[in-house]
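[1] Fold the following.
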Amino acid sequence: MTTGLLISAARSGAGKTTVTLGILAALARRGLRVRAAKAGPDYIDPAFHAAATGSASVNLDSWTMPGALLDSLMAEAADGADLVVVEGVMGLFDGVPGVAGREGSSANIAAQFRLPVLLVLDVTAQSQSAAAMVRGFASHDPDVRVAGVILNRVGSDRHRRLITDAIEKLGMPVVGSIPRNETFGLPERHLGLVQAGEHGDLAARFTVLAEMAEKHLDLDAIVALATPIDSARNTIAAALAPPGQRIALASDGAFSFVYPHLLDDWRRAGSEIVRFSPLADEGPPEHCDVCWLPGGYPELHAATLANATRFREDLIRFARTRPVHGECGGYMVLGAAIEDADGVMHAMTGLLCHVTSFQKRRLHLGYREARLLADSPIGAAGTRVRGHEFHYASLISQGTDDPLVDLSNAQGEPVGERGGRRGHVTGSFFHAIAAVEG
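    A predicted model of the protein is given here:
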């Protein structure tokens, strides 16, 4: 029997990822078959989950994913596991207004699968008032059960006792107390944590986090809070149809943001994923019939990409006869140029004619629904696909290419970014997650 729980917090930045990774690493060291999942659209945290557990981590998002797909992904996470730990997104109830149960919140996932919630509280600059927060979170939604609390960034033993006593008077167990300690954190950059694959000392970091969890958390009590996972059915629901039979996938430090559930869908449908590295000056293999350039950090590697002559020439040749699609960072590289953080302009592939800039950073963040204006690797013209935008780069020249999508936000309001298409080439800042049912 597989059990599960969800780790959430009152807000972003409270320490959910640190706590989650510490628990995953410590339980894996004990020999527990533990799997992880991430609530919401996120590329970076699941890679850390996978490194900590040795098993792939899936995304679970109630706004972009239909219920059948969520069930399928949870079943995948639960298969062969003793425990599934879901890391939440933002604060527990944070999401977007709309259809009940499909707000994109961590609470939606907890309610759908009846997962008990372990609430991480950053108690910096407060003491007994933390109990009032716990009371509010515990009573806010009858379909969401807060089962325990972990205190984070505790200043002293007296500080811990004051808060613990106040919370336990509510009948809520405090199952851990983590002191303020910068060594428990992970380095960040503009889109979140520095990616797992970029840490040469990742094993050592997991050792520190596991020892933190062993010392400061009651791991036995945490495991005991988990309950059998509800609705983990043995069904398979696809998010997007494969764009081709042999898919050339750019994959390196500049192109790393691709959702695992999409690759799994495509493989199950019989497609082959063939990886290549633009940073190593490799082009898409000739035997492939479609090329996919995912998002990532091209702005950090603009000079290298500008000098990748073979990559550019092979991609241009490929695009004469076969589809090429770019998401976010991939879209930037399909354009005429990227302006880096220092204001230096770097020529890109020129398969589309827009220009993007990273010099003046502006956050573009939020759920998106796309209506495709033409056939593309995302789907046929007229298809509606849900996903999100998350980038700091901006268009400084739209160019003259035909638009690829009509985008709207979670409230159904039009969004200006429309991507581009020319010949067999398409691209947009939009990250696709799942086609809309019906």
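[2] Pretty sure L69 sits in a helix.
    Yes: applying DSSP: H, G, I helix; E, B strand; the rest coil, one finds L69 inside a helix.
[3] how about it, what does it touch?
    Contacts here follow C-beta atoms under 8 Å, 6 or more residues apart in numbering; on that basis L69 touches 237-239, 261, 434. Where C-beta positions appear, they are placed from N, C-alpha and C, glycine not excepted.
[4] Other residues contacting stretch 272-291?
    So stretch 272-291 is contacted by 243-255, 263, 266-267, 293, 301, 304-305, 308-315, 317-319, 322-325, 333, 377 (C-beta under 8 Å, 6+ apart).
[5] So which of those residues belong to helices?
    Among the contacts of stretch 272-291, the members falling in helices are 263, 266-267, 304-305, 309-315, 317-319, 333 (criterion: DSSP state H).
[6] Looking at the residues you listed, which two lie furthest apart in space?
    R267 and T309 (31.9 Å; C-beta to C-beta).
[7] More neighbours: which of the two?
    R267 (13 against 10; other C-beta atoms under 10 Å).
[8] from the ones in helices among the contacts of stretch 272-291, which would you call buried?
    By neighbour count, with 16 or more other C-beta atoms under 10 Å, the ones in helices among the contacts of stretch 272-291 hold 263, 266, 304-305, 311-312, 314-315, 318-319, 333 as buried.
[9] Next, format the residues you listed as TSV and append distance to A68.
    Shown next, in TSV, are those (distance: C-beta to C-beta, whole Å):
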residue	distance to A68
L263	19
W266	18
T304	42
L305	39
F311	39
R312	41
D314	39
L315	36
F318	35
A319	35
V333	34
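[10] in the stretch 101-250 of the chain, which ranges drop under the pLDDT threshold?
    Along the stretch 101-250 of the chain, the model assigns pLDDT under 70 to residues 182-201, 231-235.
[11] The same query, at a cut-off of 90, please.
    By pLDDT under 90, the weakly predicted segments of the stretch 101-250 of the chain are 181-206, 230-238.
[12] first vs last residue of stretch 238-257, how far apart are they?
    Terminal residues of stretch 238-257 lie 19 Å apart, using C-alpha to C-alpha, to the nearest Å.
[13] Same question for stretch 149-159.
    Span of stretch 149-159 from end to end, C-alpha to C-alpha: 15 Å.
[14] list the buried ones in that stretch?
    149-154, 159.
[15] just stretch 115-128 next, same as before
    Buried-residue list, stretch 115-128, by 16+ other C-beta under 10 Å: 115-123, 127.
[16] Export that stretch to PDB, keeping only CA atoms.
    Taking Å, rounded to 0.1, in the frame of the first residue of the first chain, the C-alpha atoms of stretch 115-128 are listed here in PDB:
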ATOM      1  CA  LEU A 115      -3.200  13.900   1.100                       C
ATOM      2  CA  PRO A 116      -2.500  15.100   4.600                       C
ATOM      3  CA  VAL A 117      -0.600  18.400   4.600                       C
ATOM      4  CA  LEU A 118       2.600  19.000   6.500                       C
ATOM      5  CA  LEU A 119       2.800  22.800   6.900                       C
ATOM      6  CA  VAL A 120       6.200  24.500   7.000                       C
ATOM      7  CA  LEU A 121       6.200  27.700   8.900                       C
ATOM      8  CA  ASP A 122       9.000  30.300   8.700                       C
ATOM      9  CA  VAL A 123       8.900  31.600  12.300                       C
ATOM     10  CA  THR A 124      11.400  34.400  11.800                       C
ATOM     11  CA  ALA A 125      10.300  37.400  14.000                       C
ATOM     12  CA  GLN A 126       7.300  35.700  15.600                       C
ATOM     13  CA  SER A 127       6.500  33.300  18.400                       C
ATOM     14  CA  GLN A 128       3.000  32.400  19.700                       C
END
